[in-house]
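Asker: I'd like to go over a predicted model; first the sequence, then the structure.
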Protein chains: 2
Amino acid sequence: MDQENSVDHDDDMHDIENEGLLYGKEIERYWSEFSGKNMSYAEPLLVKRRNTTSQIAIIGANVCPIESLDYEVIENELFKQDWRSRKKIQIFQYVVLKWAFALLIGLGTGLVGFFNNIVVENISGYKLLLTTDLISKHKYFKAFSAYAGCNVGLAAAAAALCAFIAPAAAGSGIPEVKAYLNGVDAYSILAPSTLFVKIFGSILGVSAGFVVGKEGPMVHTGACIASLLGQGGSRKYHLTWTWLRYFNNDRDRRDMITCGAAAGVAAAFRAPVGGVLFALEEAASWWRSALLWRTFFTTAVVALVLRGFIQYCTSGTCGLFGQGGLIMYDVSAAEVTYSFADLLAAIVLGAIGGILGSIYNYLVDKVLRAYSVVNEKGAFFKILLVIAISLLTSCCSYGLPWFVKCIPCPTDLHVSCPAVGKSGNYKPFQCQPGYYNDLASLFLNTNDDAIRNLLSTSTKREFHIATLFVFFAAVYCLGIVTYGIAIPSGLFIPVILAGACYGRLVGRLFESISKLDTGLFALLGAASFLGGTMRMTVSLCVILLELTNDLLLLPLVMLVLLVSKTVADNFNKGIYDQILKIKGLPYLEAHAEPYMSNLVARDVVSGPLITFSGIEKIGNIIHALKTTGHNGFPVIDEPPFSEAPELCGLVLRQGSGKGIKLEDLDIEVEEMDMYIDLHPITNAASYAVVETMSLAKAAILFRQLGLRHMCVVPKGQGRHPIVGILTRHDFMPEHILGLHPHIKPHK
Amino acid sequence: MDQENSVDHDDDMHDIENEGLLYGKEIERYWSEFSGKNMSYAEPLLVKRRNTTSQIAIIGANVCPIESLDYEVIENELFKQDWRSRKKIQIFQYVVLKWAFALLIGLGTGLVGFFNNIVVENISGYKLLLTTDLISKHKYFKAFSAYAGCNVGLAAAAAALCAFIAPAAAGSGIPEVKAYLNGVDAYSILAPSTLFVKIFGSILGVSAGFVVGKEGPMVHTGACIASLLGQGGSRKYHLTWTWLRYFNNDRDRRDMITCGAAAGVAAAFRAPVGGVLFALEEAASWWRSALLWRTFFTTAVVALVLRGFIQYCTSGTCGLFGQGGLIMYDVSAAEVTYSFADLLAAIVLGAIGGILGSIYNYLVDKVLRAYSVVNEKGAFFKILLVIAISLLTSCCSYGLPWFVKCIPCPTDLHVSCPAVGKSGNYKPFQCQPGYYNDLASLFLNTNDDAIRNLLSTSTKREFHIATLFVFFAAVYCLGIVTYGIAIPSGLFIPVILAGACYGRLVGRLFESISKLDTGLFALLGAASFLGGTMRMTVSLCVILLELTNDLLLLPLVMLVLLVSKTVADNFNKGIYDQILKIKGLPYLEAHAEPYMSNLVARDVVSGPLITFSGIEKIGNIIHALKTTGHNGFPVIDEPPFSEAPELCGLVLRQGSGKGIKLEDLDIEVEEMDMYIDLHPITNAASYAVVETMSLAKAAILFRQLGLRHMCVVPKGQGRHPIVGILTRHDFMPEHILGLHPHIKPHK
């Protein structure tokens, strides 16, 4: 089949539902290989969700590798396809469509972001109003029942969605997006069902009062929207728009999903520049400056959409969604001047924040592994776990405020004290008029409002030190035990909440030596926790700036982030990397491990190599496809077709992404003995290294160019023209150290 | 010689003065090859500054390739050198030193940035005070003489520095830094003399009232400081610190220079995040996230240093340096609400700004080519040209304000009108008391103050439309004719100045339909010009945000930048890319040209290939080194040392960066017949491609991995084991189109 024609034909052969199946199988193969060898600590969670569709498909249907991130073939295609240079109108269409898609992703993510906020604010607003109303009537037990009941109901709904419809929607989603952009396409991670559950599960989960955020889910949502648009809808749900199906190569899809991730951050934090930087620093594995440009456009659209809706809502037409909606913390009231003592305080705060952040990572890791045992047992147990955590959260939120004393309202306020309505700094709770309960002001609020209260400036003595300490301990622990249950749960908000509380606590302790406002200390505390857990720098810094709209704080925020990240890096890896490892996703690092330089490419080639001849018997091909899980087969020209055996190129297993199975093929017995010419579908320009090439250099080549298969050719002459094929798994530390147990990886 | 030992030994063998010599020669070779073939439009300017040192050196002194950006060898070295894994203390030292250097670069650049600002403010302040003083005494001719005399004197001093000490310091410096980070090491571009002239030339040039900025020179200064630190001082000037000489590989040096460039932007605009993004978007060709992290640290240090000095200066101890020092435009007074009409106005403004920006680029290109004819004639003509332009600028600045009418001072002001002192919005010039001259308020100020006046908010009718038009035309033309003369001259300020004036003009024209403040329009105008000339997006956006400290404008600024860049991209390339091309620097683009996919690697291999045997006669080596300009030679193992001829690896010409010449070697005649074993100094793991590999894929491999040499090996067996070597020049469009004239490059 002609390569050029395939471009026009196979547009309607993709189905998002099936994407990545192939890869899912590979992950299993990979883990089954090592699970025996003292790898119990790395037992993957994702593997459990095995897919039942057959992996086996046909060779030669077409050369469009939609189900893998095989950039080598794409580039080949991109350059070989003269249709683009021949038909100018198509180039124009292509460029315009790229931008149109960026626009659509921005619009879609912006809309979802706004929808999420407005619904969450309304649901949790009414819940809190009901509770405070009952409390003000001294019906304390009834209030608790209503509060906990609402929470459990919402939580159970979220868990049911997750458990029955899309298990892949649980958790943050950022590690999965990161893995996807690295080339690992885990099962149904960007499917429409995942998108649906991510949106509604996140709304329900956040409304249920869990210590979870909507930021990670929003990033995942943005990526799902981008994927859905890029595929032109979903075939499974009979929602397909042929005119949308334009991007049939992986590079374009990867670009769109990068835009989607950036749009997600932009929508979550109203931080367009922060979104771009997040995509660049944390999400993307490969980056081009053309992408910077398009990502930036997408986030600008998100910002404009959100701005438009917020302006629309200022007239009060959005129910309880008001100023408290999209998080935006204003610390500009505080004067930012700092002395050397403040710098010192910031360094100490950053260092301790880094240590607390790395402990957070460590504990999340342990809890995740413990929960995986429960979650494996089935949907019922998943929901039970969610309900248990929901009850725990409700008890903490409602119970702990009883233990603090009521505080008389300060007299010099221009806000009402005690507060009326759903938000506000000074919650009355059980106190008599003129008094407020400072712990209830933090617990009986949405997480966004609690953060706003913690970051509020010029309210130095609003919270008692003991209150801050209790809230910090509670939120820190609740955040840890909440991540891992079967609801979409972002990590940003728990970390910011705990960090802001920690910062405010430090501010209170340092108030004799530092002139900085406690609200600014809270911001620095949040920065230190974010740096200590997520280990991003520039993007976090910009996100915090865009949240607080005060650039004068920048040097201090930078300093804190630097210190906390540096300190935390000494203990463990960032939280997203940890989750990637737990999930068993074979993430390819940008750098080679030091011990790789002592090995050569030949040293890690494993398994029997199956090759095809340039003119191969169909029976042999079918047999090879049936009996192996390989995806790439070297094609060798042998005498009499060439003088000596010669490597012709690589042919890929194709078609599984389109739902075509090998069993579906109707091949007669006599056809099995016929021959097929593989040359037209062979990628003759596959990258190759000599067997004596340093493994470290081979790994860098593999990673930098985003390859999926790399041929290893012999050094000397007169030998079989191929030594083996290296794939992603061959570069995984577990594989290499398994083959060479004498190597000690350096810490 | 042992590779491992070389790390410790060759530290004291580098000399910055000689770096890049080798490359300079290569550039010449490259251009001489094509200059005959209808390439007159691409006549390079840089080639004229030929160096006279011999290029020829020895093989085998050591394997440290400091004079090239040969990342392939570095990586090999980095991984092979077990010293790092063996001696833990050295790893620690290495990491700590990296951060210490980032700190030093930040401190150094911050200091220079502050020094630059304080000196410029004082010199031009006294100049302007003298002029206005004479004007107020009605000594108009004397005032002009004083003004023009100061300007010419300062300009001539700047030009003399440039012409006699460091011609490489003329111009912006950003294209050269960009080229360096791409792997092109032009002659003496980061030398200490260049640093010296860049600092003082920039101070003199800006003080002389030229329409030039200090931003580009600051970026170059930062890069020079980083280079100087990385080299441990300069041997030529007997300023060497052995303890500083730790980084003897190109990747570390490249990283440091990236940090330096970012620090330069941070110092110029007080924009730390903008600096990081500039380095990422515009300067760097290769990027790692570890670098993001370190660059960020450097710019944070710069921000802290500047902040410290500014706080010190608020007490009035810095002469005329006051609020007007480091540019920081406060537009926060204006309320930012915008409607659909404003968005429309922004789009129109962006589109026209993009067109004007691309015309600016076109004219700068023409003027640069015209000036190169004058500049070639010698130092005297260079200085003459500078004086002529200085006189033209003085005449415009002093002459044009006479043609406008005096305007009565508004009554509702809280600043003094007419202004007293050196800066201020309402310059009296020749007007009677109570009146001001609006054109003089723009012309008889420093560029920074003129921008501040244009961006000032709530002063809608301060400038007449005619005044704005005259100033715009004058500044637009002066900016074009000033770039290219022999002084360090940044492009940011002229573009911002013209753009802000254009924006304010548009604001005045749109004032009936738009409610946006004219100051905000001026900001958007500046954004549109920046987008239209420099074609950056995210970094410009962030720099503008950090300059104005108002995040609410972000969506509008983004929109304008997007529109203007998109429009301008249809006409020509960004200004820095144009200058790169004019200078004849072989910049390697990140993408392959479309026609490359129709060629294979073999098609562009040219010239006779010179190979060495594994055990080679010394005479042959000396001969090859003397008669060719090649830098890499394949080493072939031949029978009887192997069964068949076999490619062993690549050996590099070494030593020229250390000032060791081939003539200096004392080799006896009988030694010429002796043999040397090249294996220990051969890079056995050099990257190679098969001759039938698509050229596009080979180009991407070459660029992505930052190679300098790539071996092309034959496909079949039984042939000579190497077909040729591809270098940077073989991937240049001029080379490929020269070899294959039938190919028509697509626009």
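Answerer: Sure thing, it's come through. Residues are numbered from 1 along each chain as shown, chains lettered A, B, ... in the order given.

Asker: Just the pLDDT for the residue of the stretch 551-700 of chain A found nearest chain B.
Answerer: Relative to chain B, the nearest point of the stretch 551-700 of chain A is A:S597 (2.9 Å; Cβ to the nearest Cβ). Backbone N, C-alpha and C define where each C-beta goes, glycine included. Here, the pLDDT recorded for A:S597 equals 80.

Asker: That one - how many residues pack around it?
Answerer: For A:S597, the neighbour count with other Cβ atoms under 10 Å in any protein chain shown is 23.

Asker: Surely it is in a helix?
Answerer: Yes. Counting by DSSP: H, G, I helix; E, B strand; the rest coil, A:S597 falls inside a helix.

Asker: what's the average pLDDT for stretch A:670-681?
Answerer: Mean pLDDT, stretch A:670-681: 84.

Asker: what sits against A:T727?
Answerer: Neighbour list for A:T727: A:N631, A:G632, A:R708, A:H709, A:M710 [criterion: Cβ atoms under 8 Å, 6 or more residues apart in numbering or on different chains].

Asker: Sorry, slip of the keys, the one I care about is A:C224.
Answerer: Residues near A:C224 by Cβ under 8 Å, 6+ apart: A:L190, A:A191, A:P192, A:T194, A:L195, A:K198, A:G260.

Asker: tell me the secondary structure for it?
Answerer: Classified using three-state DSSP, A:C224 is helix.

Asker: Not counting sequence-adjacent ones, nearest residue to it?
Answerer: Closest residue to A:C224 apart from its sequence neighbours, by Cβ to Cβ, 6 or more residues apart in numbering or on different chains: A:L195 at 3.7 Å.

Asker: Please dump the contacts of A:T727 into TSV; it should also carry secondary structure and neighbour count for every row.
Answerer: As requested, the contacts of A:T727 are exported to TSV (DSSP: H, G, I helix; E, B strand; the rest coil; neighbours: other Cβ atoms under 10 Å in any protein chain shown):
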residue	secondary structure	neighbour count
A:N631	coil	26
A:G632	strand	20
A:R708	coil	24
A:H709	strand	24
A:M710	strand	26
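
Asker: ok, so of those residues, who is nearest A:M218?
Answerer: A:R708 (30.0 Å; Cβ to Cβ).

Asker: So chain A: which segments form each domain?
Answerer: According to automatic domain parsing, chain A comprises the domains A:1-83+A:598-747, A:86-313, A:340-582.

Asker: Can you flag the weakest of those by average pLDDT?
Answerer: domain A:1-83+A:598-747 (a mean of 65).

Asker: among the contacts of A:C224, which ones are buried?
Answerer: Those of the contacts of A:C224 that meet the buried threshold are A:L190, A:A191, A:P192, A:T194, A:L195, A:K198, A:G260, by 16 or more other Cβ atoms under 10 Å in any protein chain shown.

Asker: Next up, identify which helix or strand A:F297 is on.
Answerer: helix A:289-313 (DSSP states H and E).

Asker: Buried residues, that helix. List them.
Answerer: Neighbour counts using 16+ other Cβ under 10 Å place A:289, A:291-307, A:309-310, A:313 of helix A:289-313 among the buried residues.

Asker: what residues does the stretch 201-350 of chain A put near chain B?
Answerer: For the stretch 201-350 of chain A, the contact set with chain B under Cβ under 8 Å from any Cβ of the partner chain comprises A:272-273, A:276-277, A:280-281, A:287-289, A:292-293, A:296-297, A:300, A:303-304, A:307.

Asker: Going by distance to chain B, which of the buried ones among the contacts of A:C224 wins?
Answerer: Chain B lies nearest to A:G260 out of the buried ones among the contacts of A:C224, by Cβ to the nearest Cβ, at 17.5 Å.

Asker: show me the contacts for the closest one.
Answerer: A:I105, A:T109, A:G222, A:A223, A:C224, A:I225, A:A226, A:S227, A:T298.

Asker: The residue nearest to the second one when sequence neighbours are not counted: neighbour count?
Answerer: Excluding the flanking residues, the one nearest A:T109 by Cβ to Cβ, 6+ apart is A:A263, at 3.8 Å. By the other Cβ under 10 Å criterion, the neighbourhood of A:A263 contains 38 residues.

Asker: Relative to chain B, how far out is A:A263?
Answerer: Distance of A:A263 to chain B, computed by Cβ to the nearest Cβ, to the nearest Å: 13 Å.

Asker: In which helix or strand does the residue of the stretch 351-500 of chain A found nearest chain B reside?
Answerer: Across the stretch 351-500 of chain A, the shortest distance to chain B (Cβ to the nearest Cβ) belongs to A:G354, at 14.1 Å. If you go by DSSP H and E, A:G354 is part of helix A:340-376.

Asker: For that helix, name the packing helices and strands.
Answerer: Counting contacts by 3 or more Cβ pairs under 8 Å, 6 or more residues apart in numbering or on different chains; DSSP states H and E, helix A:340-376 packs against helix A:379-399, helix A:465-482, helix A:492-509, helix A:518-534, helix A:554-569, helix A:575-582.

Asker: coming back round to it: helix B:554-569 and the helix holding A:F297, what's the angle between them?
Answerer: 140 degrees (axes from the mean of the first three to the mean of the last three Cα atoms, to 10 degrees).

Asker: returning to that earlier point: what's the most buried one of the helices and strands packed on helix A:340-376?
Answerer: Comparing the helices and strands packed on helix A:340-376 by mean neighbour count (mean count of other Cβ atoms under 10 Å in any protein chain shown), helix A:518-534 comes out on top with a mean of 31.

Asker: Tell me the helix or strand right after that one.
Answerer: helix A:538-548.

Asker: So in chain A, which helix runs the longest?
Answerer: Counting by DSSP state H, the longest helix found in chain A is helix A:88-136.

Asker: ok and the residue in the stretch 251-400 of chain A nearest chain B?
Answerer: Going by Cβ to the nearest Cβ, chain B is nearest to A:A300 of the stretch 251-400 of chain A, at 4.0 Å.
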